[in-house]
Every structure is written in C-alpha cells, then in structure tokens.
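[1] coordinates for the following, if possible.
(2 chains)
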There are 2 protein chains.
Amino acid sequence: MAGGSGTRFWPLSRKARPKQLISLMSGDTMLAETLARLAPVCPPERSLVITAARLVDAVRAAAPELPSAHVIGEPVARNTAPCMALAAIVAAQLEPDAIVALLPADHHIGQPERFVAALERACVEADAGHIVTLGVAPTRPETGYGYIELGEPVVGGPSQAPTGSDAAVWSVARFVEKPDAQTALSYLRGGRHLWNAGVFVLRADVALAAIASSLPELSAALAPLANGGPHFTTDGFVSALASAFPRCPSISVDYGVMEHRTDLRSVRLDAAWSDVGAWRSLLDHREAGASNYVRGDVLDLDCEGSVLVSEGPLLAAVGLQGVAVVATDDAVLALPVERAQDVRTVVAALRERGRNDLL
Amino acid sequence: MAGGSGTRFWPLSRKARPKQLISLMSGDTMLAETLARLAPVCPPERSLVITAARLVDAVRAAAPELPSAHVIGEPVARNTAPCMALAAIVAAQLEPDAIVALLPADHHIGQPERFVAALERACVEADAGHIVTLGVAPTRPETGYGYIELGEPVVGGPSQAPTGSDAAVWSVARFVEKPDAQTALSYLRGGRHLWNAGVFVLRADVALAAIASSLPELSAALAPLANGGPHFTTDGFVSALASAFPRCPSISVDYGVMEHRTDLRSVRLDAAWSDVGAWRSLLDHREAGASNYVRGDVLDLDCEGSVLVSEGPLLAAVGLQGVAVVATDDAVLALPVERAQDVRTVVAALRERGRNDLL
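    Numbering: from 1, shown residues only, chains lettered A, B, ... in the order given. From the prediction side, this is the model:
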C-alpha cells in the first residue's frame, strides 16, 4: 500500500513524492526498503504496489525490479478496504490460492529477519483460512496507535507470553482505540496488548469473502474486475478500474472489515518496527551513540537531540537542542522536534498562500 | 573602507562577497547604504572606496554611481593605517586641501540626518587642523567595543553634556580598551565615554603628517605614490600601488596613529549607529513591534527573538525561540542567536574540510 500523500515529512516529502518515495532510513526509498524486506518471502514477480494513479510513474522508477503492471494506480483515494479488495482480486489472478499480505510501504523495520519469520508464521495461519494481523510488541506506552487486545494463545501456550522474543499466535479479543497515557502504560505492563500496525495477512478468497460479508457495496463496485474480469496486465483492467474504483466506499480495513470479525488471529512482531510518523521519530533511529539524527551534507557542531537533514545545501548547525532543521533546494524547515506535527500548519499556510510549487 | 573579509554573516557573506557587499538592513548593500548616507556631504565624485583588489569588480558593481577609478584595490590586506595613508594621498590629488573622512563601509546608521550633522561638525574641526573621531553615544553597557574617554568640552560648555541629542565637540583624554561589564556600566552612567566606532575625520595633509610622525616606515613605503606620484586614475598608480603597498606595516589607525596623539577631538554621534556585528545584532533592527528579524521568503509561525533570513529557498520556521536560521541556495546555518559568534567555528570547519566552494 503506497498511496499515502502525507505531509509530515515536508519539505522532503511533497505531493508528487510522498513519504514512501523518500529516503529517510537508508539510501533507498521507504518503498524500496519495504520491497527488499519482503523479497525472501515474496519476490518482485509476486509483489504488487497499489498507489495513487498520479504516483504510478514515480513508484515504477523507485521499484524497477517490479514488472510494470504490478504497480497499480488507484484513480481516486478510497482508504485501505478497497485497496485490500483490489489486491485480493489481482493476487487471485496471479495464483488462485494466493495469500495476500497487506503492508504499508512507508514503515521501517530494524530487524527484517524477525519480520520475515513473523510473516511466514502469519502465512501458515492464513493458509489455513484465518485472517491474521501482525501485532507489534509495544516498547513504550504509546498513545498514538490503536491496540490489539489478545485473547488466548493459539500456539505455544501461556508460558510463551508476548514478552518473549519469539513470534506467537494469539486469538484477537478486540481492537482498541488510541488509549490515554495511563491505559497505554497498563497495556505495556500487562503484556496482553499489541500495537495495531495495519498489517494484515489472509488468503485472497478469504479477503473477498470477508469484504462481501462486511462491505457488500465494495464488492459490488469492484465486481466488473473480479471473477473472470480483465487480467490486471491488460489495458481493459486499467479502464475497468478507472470506472469501478470511484464507486467504492472510502473506508479502512480496520473499521470496514476487521471490527466485524470474531475469528481474527494475531502474530506477534518484535522486530524494531516503526511507522516513522514524523521528524521527531527519526531521533529513535540515530546511529548508535549519536546525539542527533543526521542525513546528507550536514555540519553538526555541538547539537543534541536534533534532526538535521539536507537533501541539497550544506546544513551547518551549531548548539541546537531538540531542533529539527530540514533543507532542500527550494525549502527549509526549522522547528523544535517536540512540535514536529506542526509541519502540517506550515503546509496548510503554504497552500493558503498559493505556494503550490512547494507542496 | 570596504576591505573587510569577515565571516560573521556566513552563509550570506562569503569570501567573494563580504558583509559590505550583502544586503542586511535594506534592499541595498551595506556599502551602497554607506555611500548614500554620505552623499549630502560627499557626492560620488568625491567618494573613494578602498577595498581588497579581488573585490574591486564587485564593489564597482555595487556602487555604479562612483567613477571607476574611485574604487581602489589594496593588493594585500594591511589593516587601516595604510588605508588612511592611501586615502589621504588620493584625496590630496582630488583637492589639495581635502578633508578625509575615514569610514567603515559596513555599519548601519538609523538616523542618517544626525550622522550628516555630526560629520559636518567634524569637518569644521578637521578644517581647522584637528584630528577628529566620531564617538558614538553609548546606549548600553557594551563590553565588545573600545571607548573614547572625553576630556574637556570644546564647544557648548559643560551644560551641553553628551547625554543631550546635539553633536558636541570634546577633547579626547584617551582611548580605552574593551572594558569589563562593571566598567562599561560606569561608562554608560558617567556620560564621559563614547564608543570608538573607528570613524576619523581629518585633513589629508594632517593625516600624512601624523603618519610620518608615528609610522615613518608607512610613509616611506607609500612615498612612490605621494608628492607628485602617478595620478590615481592612471595605470601607473595601480602598478606603483602593487609594488609599494605590500611593504606597508600592517597596523590599525587606532594603535598606529591615534594612541600617540594628545590633540584629538571627538564629535558625539547619536544617530542609532550599529556596527551590525553578528547575526544576533539584527534583533536590534527588527521592525517596530516585530518578534523576529525576518528577511526574504520566510514563513514565520509563532517564533520569538529569532533571526530568519533567506536569500533563496522558502524558510519555514515554527516555534523557534532565539534561533538564527539563514538560508542561501547552497548553505543553511542554524544556531541559537546567543551563539552567533560561533559562525566562525563553522567557517573554520568548512575551511579545514576543503569546502572552499562554500566560503
């Protein structure tokens, strides 16, 4: 899933180059990192990227190892449930009994081999017909994520509690909204809650059946593509998609499908996952022992807890404490890391002033 | 005097474009501001700019109203005393009884009409054969400047103390080095000390006689130019300067000439003078009521006490307190305003790393 158009990494991310297409954690784009991480389980010829139609060319350039038709553009944004349906339809064309792993293209995983192990474990459950979520083992009392409340262990028994390092499979008791700080702390201590990272693994036919049951209007909208519709590598598919997709309801997988299920399973992911949500979160990805997160042509003199990124000009920073400075050829952002979310205010102000060249 | 190669306004100022050639306080360069301020007393055809040889073309471009020969390049840097000698030699060629006003080209004066009045008063004293300094009425207990300790009032009597707003002429008791904070405060309260702004006004013949007396080796070095030497508008002058100037001792007017005099006079300058010494000092030049000093394409959201300057990219700053961010097309500087002097460390580090493209 590479359709995001987030502005949280402005000025590096732009409308034409959202977060999944920028390099934050390595020399590669977040998208290329995601595909590389999946390769041991899912090689390029079985990988699909579903993105916004206007980003198709940029995504193809960022993922040249993928067959061109495997980059599919949504003509309009419709949240994640239609994306899952589309993925399931196309995956079934590739392999009738395909398993679909639905993954955001802009997350970071510090320990990819653990991620692969969790994904393989999830595939075993999915192959047996289960809908599986990857739940991230929490490392702090985070109030910014939804949680998965675990039910009973499916594999390994109670002794293999989620505080261990192995992937374990649990039934899902329920999805929990973003908690307050005290509740988040109790979740962290209790060991019965995982972060909902929006990663789902399930058989294509199970996905389509679940959607037909929970979101019949979505099934109806995409019916011209499913069941003997045009192959996804053909022009017929593209034009059918162009007319069908706008009719889909805009709704997330979580709300549209998962909330209605009582038969979900969760595989625990303990692999240094991060959604890299804002400039501030890059501080968690500093090099070992480094005071600051530094990328590009940066001269860092005596700074601490700062995010210093340049994509063009030399950035010289002296004595900054907890400040993010991000420089590109046509825009520079400077703000305290604690106010990283205010980048939205900047983008809104630029939009208001008609500075579309900078968005 | 426009020979400075200061680095305190990096990245706006560069080796090829020092402070006098950048625009800080208006759309004009500091040099053009200086010339415009002088124009009522000293029109372009009687103005001379003495700069570094490598800056001659840039200075001519910044001061197109000056006759080309009136921009004189020093082949090597030799501090201000040789500059004064050179100015006196050339001024005497323009007018035998010329008065020379030796002024830095990179200062700012908020009330130019008061400056003109003080300069005219100084010219009256200079015409009578006195060596005159313009002393700036202190407005704060500044420890970063040298002071002029006043002797007796020459005009107006004791009732016209330097706390009034009119220019007044005093004898100079002595020059005082940069004081400590307590001493500076006593100077401010005592009303008998003025800031030494490095501005001198004196007849050309008086200047040459003073130099001959205090710095005979300087007189000797420039002898080929003086007394019937080649006219400053000729190629002969340029080549004579090229061979003579490197032989001059490197010494300031203050130490080389003024310290030896007991007959100095000081005219009080109370005209919102500022040497604009560092990024921090721009805070003193904020627009009335403004929280920040802002120049160029800047989006300032909720900042305070900050210096926000861009010469190229859009600079978006959010919630900064006391931070200077300066952006150009190839370099960005960010540091607390209180550490503005550390820009020198940046420049030194770049030099060490061979980043001459940025210096």
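[2] local confidence estimate at residue A:162?
    What the model reports for residue A:162 is a pLDDT of 46.
[3] for residue A:117, same thing?
    Confidence score, pLDDT, at residue A:117: 94.
[4] and it, its phi and psi?
    The phi/psi pair for residue A:117 (degrees, to the nearest 10) reads phi -60, psi -40.
[5] do you know how far it is from chain B?
    Applying C-beta to the nearest C-beta, to the nearest Å, the value for residue A:117 to chain B is 41 Å. (C-beta placed from N, C-alpha, C; glycine too.)
[6] one more: residue A:275?
    Taking C-beta to the nearest C-beta, one finds residue A:275 at 22 Å from chain B.
[7] repeat that for residue A:238.
    Relative to chain B, and taking C-beta to the nearest C-beta, residue A:238 is found at 37 Å.
[8] do residue A:140 as well
    Note on residue A:140: its distance to chain B, by C-beta to the nearest C-beta, is 24 Å.
[9] isn't there a strand covering residue A:149?
    Yes. Assessed with DSSP: H, G, I helix; E, B strand; the rest coil, residue A:149 lies in a strand.
[10] any low-confidence regions in chain A?
    Along chain A, the model assigns pLDDT under 70 to residues A:155-167.
[11] who in it is up against chain B?
    Within chain A, the positions near chain B by C-beta under 8 Å from any C-beta of the partner chain are A:11, A:299, A:301, A:310, A:312-320, A:323, A:325, A:327-336, A:339, A:342-343, A:345-346, A:349-350, A:355, A:358.
[12] which parts of chain A belong to which domain?
    Domains of chain A are assigned by automatic domain parsing as A:19-274, A:279-358.
[13] redo those as CSV? Include mean neighbour count.
    Formatted as CSV, the domains of chain A follow (neighbours: other C-beta atoms under 10 Å in any protein chain shown):
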stretch, mean neighbour count
domain A:19-274, 18
domain A:279-358, 19
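[14] among those domains, which is nearest residue B:291?
    Residue B:291 lies closest, by C-beta to C-beta, to one member of the domains of chain A: domain A:279-358, at 15.2 Å.
[15] for that closest one, measure first residue to last.
    18 Å (C-alpha to C-alpha, to the nearest Å).
[16] also stretch A:21-41?
    Distance across stretch A:21-41, first residue to last, is 22 Å (C-alpha to C-alpha).
[17] over to stretch A:5-19?
    Stretch A:5-19: ends 7 Å apart by C-alpha to C-alpha.
[18] returning to what we had before: and the domains of chain A as JSON lines, adding distance to residue B:22?
    What follows is these, written out as JSON lines (distance: least, C-beta to C-beta, whole Å):
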{"stretch": "domain A:19-274", "distance to residue B:22": "33"}
{"stretch": "domain A:279-358", "distance to residue B:22": "17"}
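[19] residue B:274: which of the ones you listed is closest?
    Closest approach to residue B:274 among those (C-beta to C-beta): domain A:279-358, 23.2 Å.
[20] for that closest one, what is the distance to the chain centroid?
    Remark: domain A:279-358 is offset 22 Å from the chain centroid, using C-alpha atoms, centre = their mean, to the nearest Å.
[21] and if you look at stretch A:138-145?
    17 Å.
[22] how about the CA coordinates for that stretch, as PDB?
    Output in PDB follows, covering the C-alpha atoms of stretch A:138-145 (Å, rounded to 0.1, in the frame of the first residue of the first chain):
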ATOM      1  CA  PRO A 138       4.900  -2.400  22.300                       C
ATOM      2  CA  THR A 139       8.200  -0.900  23.600                       C
ATOM      3  CA  ARG A 140       6.700   2.300  25.200                       C
ATOM      4  CA  PRO A 141       3.300   3.500  26.500                       C
ATOM      5  CA  GLU A 142       2.400   4.900  23.100                       C
ATOM      6  CA  THR A 143      -0.900   6.900  22.900                       C
ATOM      7  CA  GLY A 144      -0.700   7.500  19.200                       C
ATOM      8  CA  TYR A 145      -1.600   4.000  18.000                       C
END
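[23] what residues does it touch?
    Contacts to stretch A:138-145, defined as C-beta atoms under 8 Å, 6 or more residues apart in numbering or on different chains, come from residues A:147, A:178-181, A:184-185, A:187-188, A:193-197, A:275, A:277.
[24] one more: stretch A:283-293?
    With C-beta under 8 Å, 6+ apart, stretch A:283-293 has contacts from A:25, A:108, A:110, A:274, A:276, A:282, A:300, A:303-309, A:337.
[25] show me these that map onto strands.
    A:108, A:274, A:300, A:307-309 (DSSP state E).
[26] how far away is residue A:14 from residue A:347?
    Using C-beta to C-beta, to the nearest Å, we find residue A:14 at a distance of 10 Å from residue A:347.
[27] got any residues that touch both of these two?
    Joint contacts of residue A:14 and residue A:347 (C-beta under 8 Å, 6+ apart) are residue A:359.
[28] in chain A, which residue is closest to the centre?
    residue A:104 (2.2 Å; C-alpha atoms, centre = their mean).
[29] could you point out the helix or strand that follows the host helix or strand of residue A:37?
    Using DSSP states H and E, residue A:37 sits in helix A:30-38. Tracing the chain past helix A:30-38, the next element assigned as helix or strand by DSSP H and E is strand A:49-52.
[30] residues in contact with the helix or strand following that next one?
    On the C-terminal side of strand A:49-52, the nearest following helix or strand under DSSP H and E is helix A:56-62. Residues outside helix A:56-62 that contact it (C-beta under 8 Å, 6+ apart): A:2, A:16-17, A:21, A:29, A:31-32, A:49, A:51, A:66, A:68, A:71-73.
[31] could you find the closest non-adjacent residue to the closest residue to chain B within the stretch 1-150 of chain A?
    Per C-beta to the nearest C-beta, residue A:11 is where the stretch 1-150 of chain A lies closest to chain B, at 7.5 Å. Closest residue in space to residue A:11, ignoring its immediate chain neighbours: residue A:331 at 3.8 Å, by C-beta to C-beta, 6 or more residues apart in numbering or on different chains.
[32] what sits against residue A:258?
    A:131, A:133, A:175, A:200, A:264.
[33] ok, now residue A:299?
    Neighbour list for residue A:299: A:314-317, B:346, B:349-350 [criterion: C-beta under 8 Å, 6+ apart].
[34] can we see that at 6 Å?
    By C-beta atoms under 6 Å, 6 or more residues apart in numbering or on different chains, residue A:299 lies in contact with A:316, B:349.
[35] what's the answer for residue A:48, then?
    Shown in contact with residue A:48 (C-beta under 6 Å, 6+ apart): A:70, A:90.
[36] can you pull the phi/psi pair for it?
    Main-chain dihedrals, residue A:48, degrees, to the nearest 10: phi -130, psi 140.
[37] distance of it relative to residue A:29?
    Residue A:48 is 17 Å from residue A:29, by C-beta to C-beta.
[38] residue A:113 now?
    21 Å.
[39] one more: residue A:62?
    Note on residue A:62: its distance to residue A:29, by C-beta to C-beta, is 5 Å.
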